[in-house]
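Student: Have a look; sequence and predicted model below, questions after that.
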Amino acid sequence: MEDIFENSKSNPRIMTFYPTYEQFKNFSKFITYIESKGAHLAGLAKVVPPREWVPRKSGYDIDHINMLIPNPILQLVSGKQGQYQVINMQKRSMTLKDFKAEAESQKYRTPVHFDHDELERKYWKNIAYVSPLYAADVKGSLSDSDLDVWNISRLGTILDFVNTDYGIEIEGVNTAYLYFGMWKSSFAWHTEDMDLYSINYLHFGEPKTWYAIPPAYGKRFEKVAAQMFKEHYDDCNAHLRHKMTMISPKVLSHYNIPVNKITQMAGEIMITFPFGYHAGFNHGYNGAESTNFASPRWIEYGKRARICHCNRDTVKISMETFVRRFQAERYENWLNGVDYGYHPEDPGNICRAPPPTLNVYEYKSSESSGDYKQSRKRKAFQKVNLQNNTNVSLAEFSKEAIVRVRKLSYNPVNTVDYNAIFNDQIERLWNQLPSETVGRNLLTNGIIKNTNRMRFHTKTIILSDDE
């Protein structure tokens, strides 16, 4: 196996791996291997798969891919000087063929450039102009169903316990999602849900530029982002979970936060690691497939992951099955809220791991106990109090989870002032609408705050406070 990397303790670099097919076949074993080489220290790694691995034998002829994109998004960017917020505006559904035509149109096509560095400069210079479309989070897979090696739909990692133990499928987390991009469509700075690993395979098309912050600098990055966008963090201390924040590497360098960069070509795989903040953009029309996965090393990250409580789509996975299986010596303390330790990337801060908050358990008497014949239910809330039943020992009961994953309650928070932020974007959209005559602006005082739907001619623009 040929590995290309340059690493140091202060600023680990992104590694690239060229495995043979034999080395490539066992996914979990391969992840363990690249971590033994220090790949996780950069938060991101590239894998160039062996030639024998062909995930889709029929190729990518657009005429043979009958796919509907139900919710393409228009990415509106506001900000300046390398600090931006991205709002995703939902558009009407379109076919993949229509999306490709849009991506290659004069309006959206990739500008002429000499190399990837020049294209990157054009990206940051024009990030707030000509809002691109992005077909993100599309359910499905482009891989052959009989693909047994590195099939993104079934990687066979410990994250499968969410499904086998709980009977839960979380779209895009333990199932595959597709992403179709065009020039300048972006993915904002974020870590994965519950700080999981992720895999991204670029099936076809133009490259992606990836930025990655080493996990050891993740806490510092969070503090810097909170300072830059204080008004958003006042509403949600996990604002980066909203996937709205774009900060240029040049700006982050002023705060002594190292940012590594790498280009992903078609046919290459990117692996992100727990608590590895990453962002990037597409060079043009392309298609990628992605999902999350886990390893035992992730569990402590998952227990201490910061959760957004204001977004109704927040993913929260119960850690009960993972702690019980892989941290048995800490299980009782964790249930009781006294599992003291530290976040793997914040070793100087000793604190307790949050106990389970979403599970509903059913305790049944075991064969060794004759005192309790009836099953009973107990909710494991923020403060688990197993001492309420003084005559009952937890060891006397086997436990079966009834409800393991539940959407967090959603309390809408009005964080976006459309008057202040989107006036220029709407004006641009207005000017781009086809019309035989010049329209008259009826919104002389700016955009009506909290507007949910506005019609200009025959086109609909949806501005939703819920996003």
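Tutor: In hand now; what should we look at?
Student: ok, and the closest non-adjacent residue to the residue most central in space within the chain?
Tutor: Most central in the chain under CA atoms, centre = their mean is residue 192, positioned 3.9 Å from the mean C-alpha point. Leaving aside its sequence neighbours, residue 192 sits nearest to residue 198 (CB to CB, 6 or more residues apart in numbering; 4.8 Å). The C-beta positions use only the backbone N, C-alpha and C, and glycine is treated the same way.
Student: Any figure for the gap between that neighbour and residue 121?
Tutor: 28 Å (CB to CB, to the nearest Å).
Student: If you count surrounding residues, which of the two has more?
Tutor: More crowded of residue 198 and residue 121, by other CB atoms under 10 Å: residue 198, with 21 against 11.
Student: isn't there a strand covering that one?
Tutor: Yes - remark: residue 198 belongs to a strand, assigned using DSSP: H, G, I helix; E, B strand; the rest coil.
Student: what's it in contact with, if anything?
Tutor: Residues in contact with residue 198, defined by CB atoms under 8 Å, 6 or more residues apart in numbering, are 192, 271, 272, 290, 291, 292, 293.
Student: go on, residue 306?
Tutor: Contacts of residue 306 (CB under 8 Å, 6+ apart): 237, 238, 241.
Student: Check the secondary structure at the last one for me.
Tutor: Following three-state DSSP, residue 241 is assigned to helix.
Student: That one: what's it in contact with?
Tutor: Residues in contact with residue 241 (CB under 8 Å, 6+ apart) are 190, 306, 307, 308, 311, 314.
Student: one more time with 10 Å, if that's ok
Tutor: Contact partners of residue 241, counting by CB atoms under 10 Å, 6 or more residues apart in numbering, are 190-191, 193, 305-311, 313-315.
Student: ok, it to residue 87 distance?
Tutor: 15 Å.
Student: My guess is the residue nearest to the centre of the chain contacts residue 240. True?
Tutor: No - proximity of residue 192 to residue 240 does not meet the contact threshold set by CB atoms under 10 Å, at 11.6 Å.
Student: any residues in contact with both of those two?
Tutor: residue 277.
Student: For the contacts of residue 306, give me a markdown table that also has distance to residue 108.
Tutor: Shown next, in a markdown table, are the contacts of residue 306 (distance: CB to CB, whole Å):
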| residue | distance to residue 108 |
| --- | --- |
| 237 | 36 |
| 238 | 32 |
| 241 | 28 |
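Student: For residue 52, state which of the residues you listed is nearest.
Tutor: residue 241 (38.5 Å; CB to CB).
Student: Name the spans of the stretch 151-300 of the chain whose pLDDT lies under the cut-off.
Tutor: Scanning the stretch 151-300 of the chain for pLDDT under 70 picks out 172.
Student: swap the cut-off to 80 and go again
Tutor: In the prediction, the stretch 151-300 of the chain carries residues with pLDDT under 80 at positions 166-174.
Student: Might you report the residue contacts of residue 65?
Tutor: 56, 58, 59, 95, 96, 97, 100, 142, 204, 287.
Student: are any of those residues buried, and which?
Tutor: 96, 100, 142, 204, 287 (16 or more other CB atoms under 10 Å).
Student: Going by distance to residue 334, which of those residues wins?
Tutor: Relative to residue 334, the closest of those is residue 142; by CB to CB it sits at 39.5 Å.
Student: Where does the closest one sit: helix, strand or coil?
Tutor: Of the three states, residue 142 takes coil according to three-state DSSP.
Student: got the CA coordinates for stretch 342-355 in PDB?
Tutor: Extracted in PDB, the C-alpha atoms of stretch 342-355 (Å, rounded to 0.1, in the frame of the first residue of the first chain):
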ATOM      1  CA  TYR A 342     -13.000  14.600  28.700                       C
ATOM      2  CA  HIS A 343     -13.700  15.200  25.000                       C
ATOM      3  CA  PRO A 344     -11.000  13.500  23.000                       C
ATOM      4  CA  GLU A 345     -10.000  16.800  21.500                       C
ATOM      5  CA  ASP A 346     -10.300  18.800  24.700                       C
ATOM      6  CA  PRO A 347      -8.200  16.800  27.300                       C
ATOM      7  CA  GLY A 348      -7.800  19.600  29.700                       C
ATOM      8  CA  ASN A 349     -11.600  19.900  30.400                       C
ATOM      9  CA  ILE A 350     -12.800  17.100  32.700                       C
ATOM     10  CA  CYS A 351     -16.500  16.900  32.800                       C
ATOM     11  CA  ARG A 352     -19.300  14.300  32.900                       C
ATOM     12  CA  ALA A 353     -20.700  12.800  29.700                       C
ATOM     13  CA  PRO A 354     -24.300  13.700  29.200                       C
ATOM     14  CA  PRO A 355     -26.500  10.700  30.200                       C
END
